[in-house]
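Undergrad: Let's see this in three dimensions:
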Amino acid sequence: MHGFSPTIAPGLFAFAGAFGVFIFVVEEEFAGGGAICPTVGNEDGAIHLGMKFAQFEDVGVKLVRVVEAIARRELLLGRNNDWTDTRIRALQQAIRSLTDTGQMDEARIIAKLLSERSEFPMPLRHENERFLETPMAPWRVEIEQYIHRQMPFQLTYQDAADRLLTFTIRFACTTFREKRQYLECWCDETDGNRDLPALQHNWTLRLDRIPDAAISTTRRQWRDGLDKLEVEMHLFDGLAFAYRPRPEDQIVTWLEDSPQTRRVVRRITNTFWFFRELLPHGKSCVLVSPPEVRQRFKAEVRSLYELYQD
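TA: Sure, this is the predicted structure:
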């Protein structure tokens, strides 16, 4: 909670006693565009919650303006401790989700907002303060800057076999998949990528496998996005009714000749992650096209089936 400066406390407490108000929640400017009083520096007066007050001899005049602003509903008075526990925990979850997807600036904005709330409980407050005090790894900041400026770059990556690989990246975005953060990127290099030829420029790199100081600039042209391949699948039974369209879906409709079947056309960037999404649905989902994707998925299902042969 913000306290009142000694330079204006006597007048403001008199005002508070008369009106029974002790906490101000003030917009930075009135709807009409006028300030509460002339702008002054910190050395000349006090600044609280967006309101700027002059020295004590001007307080009486300024308080009259405050009362007039309240009467015109240009100044709102309210409490700063009325957020529910549900709202606070939802914002904490939002911070974690934004952090997991690499949106650190947005996560810090919410964290700073929570730090200003008087009802923020102490255990969560300590966690929030640690988050604000912990700087992002320098290499992560550098990657975010390259992406934001749309500047191609090179990085060294350590794969699961501990081999060091170098990639020339011409498009990238950070994503969160199965409790890990990844860099999804379009690279000049294709050697070692076991995806279909149409998608072999697309790579998914774990962020925790990028060594420090392994990033450098390169002269290339930035691309608009990853390579994509259009696939069609049909959904049956409860999945057909429960399915919620995703941003990458191009078409989601019911088949005219089969009312209980839902048709989904989507553009994918990686068959590995796409198959991991399909497998849990079992017979409630059939991959229809294109043939090369369907054949690869059939091979995946067949190898799974053979593991259970007696």
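Undergrad: going forward, measure contacts and count neighbours with C-alpha atoms only.
TA: OK.
Undergrad: Quick check: buried residues in stretch 275-292?
TA: 275, 278, 284-288 (16 or more other C-alpha atoms under 10 Å).
Undergrad: Equivalent analysis for stretch 263-275, please.
TA: In stretch 263-275, counting by 16+ other C-alpha under 10 Å, buried: 263-271, 275.
Undergrad: hang on, the earlier thing: just the buried residues of stretch 275-292: which are in helices?
TA: 275, 278 (DSSP state H).
Undergrad: Same list (the buried residues of stretch 275-292) but as JSON lines, adding pLDDT and distance to residue 206.
TA: Formatted as JSON lines, these follow (pLDDT from 0 to 100; distance: C-alpha to C-alpha, whole Å):
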{"residue": "275", "pLDDT": "94", "distance to residue 206": "19"}
{"residue": "278", "pLDDT": "91", "distance to residue 206": "22"}
{"residue": "284", "pLDDT": "90", "distance to residue 206": "31"}
{"residue": "285", "pLDDT": "91", "distance to residue 206": "29"}
{"residue": "286", "pLDDT": "92", "distance to residue 206": "30"}
{"residue": "287", "pLDDT": "93", "distance to residue 206": "28"}
{"residue": "288", "pLDDT": "92", "distance to residue 206": "31"}
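Undergrad: Closest one of the buried residues of stretch 263-275 to residue 299?
TA: residue 275 (11.3 Å; C-alpha to C-alpha).
Undergrad: How is the protein partitioned into domains?
TA: 9-71, 85-133, 139-217, 229-306 (automatic domain parsing).
Undergrad: ok, residues contacting the longest strand along the chain?
TA: As assigned by DSSP state E, the longest strand anywhere in the chain is strand 164-177. Defining contact as C-alpha atoms under 8 Å, 6 or more residues apart in numbering, one finds that strand 164-177 is touched by 100-102, 147, 150-159, 181-189, 218, 220-226.
Undergrad: With adjacent residues omitted, what lies nearest to residue 261?
TA: residue 236 (5.2 Å; C-alpha to C-alpha, 6 or more residues apart in numbering).
Undergrad: wait, isn't that neighbour in contact with residue 285?
TA: Yes: with contact defined as C-alpha atoms under 8 Å, residue 236 counts as touching residue 285 (6.2 Å).
Undergrad: residue ranges for the strands of the protein, please.
TA: 46-48, 51-53, 153-158, 164-177, 180-187, 202-206, 215-217, 229-235, 249-255, 258-268, 285-289.
Undergrad: Let me know the average pLDDT across the longest one.
TA: Which is strand 164-177. For strand 164-177, the mean pLDDT works out to 88.
Undergrad: now the angle from it to strand 180-187?
TA: 120 degrees (axes from the mean of the first three to the mean of the last three C-alpha atoms, to 10 degrees).
Undergrad: circling back: among the strands of the chain, which is nearest residue 89?
TA: Using C-alpha to C-alpha, the strands of the chain put strand 164-177 closest to residue 89, at 20.7 Å.
Undergrad: what are the pairing partners of that closest one, and which direction each?
TA: strand 153-158 (antiparallel), strand 180-187 (antiparallel) (DSSP bridges).
Undergrad: what angle sits between the first one and strand 202-206?
TA: It stands for strand 153-158. Using the same axes, to 10 degrees: strand 153-158 against strand 202-206 is 60 degrees.
Undergrad: Could you do the longest one as well?
TA: Taking the same axes, to 10 degrees, one finds that strand 180-187 is oriented at 150 degrees with respect to strand 202-206.
Undergrad: who touches strand 180-187?
TA: 100-102, 167-176, 201-208, 225-227.
Undergrad: and these, which are buried?
TA: Looks like the contacts of strand 180-187 have 100-102, 167-176, 201-207, 226-227 buried, using 16+ other C-alpha under 10 Å.
Undergrad: In a markdown table: the buried residues of stretch 275-292, plus distance to residue 68.
TA: Shown next, in a markdown table, are these (distance: C-alpha to C-alpha, whole Å):
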| residue | distance to residue 68 |
| --- | --- |
| 275 | 65 |
| 278 | 63 |
| 284 | 66 |
| 285 | 65 |
| 286 | 68 |
| 287 | 68 |
| 288 | 69 |
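Undergrad: Noted, bye for now.
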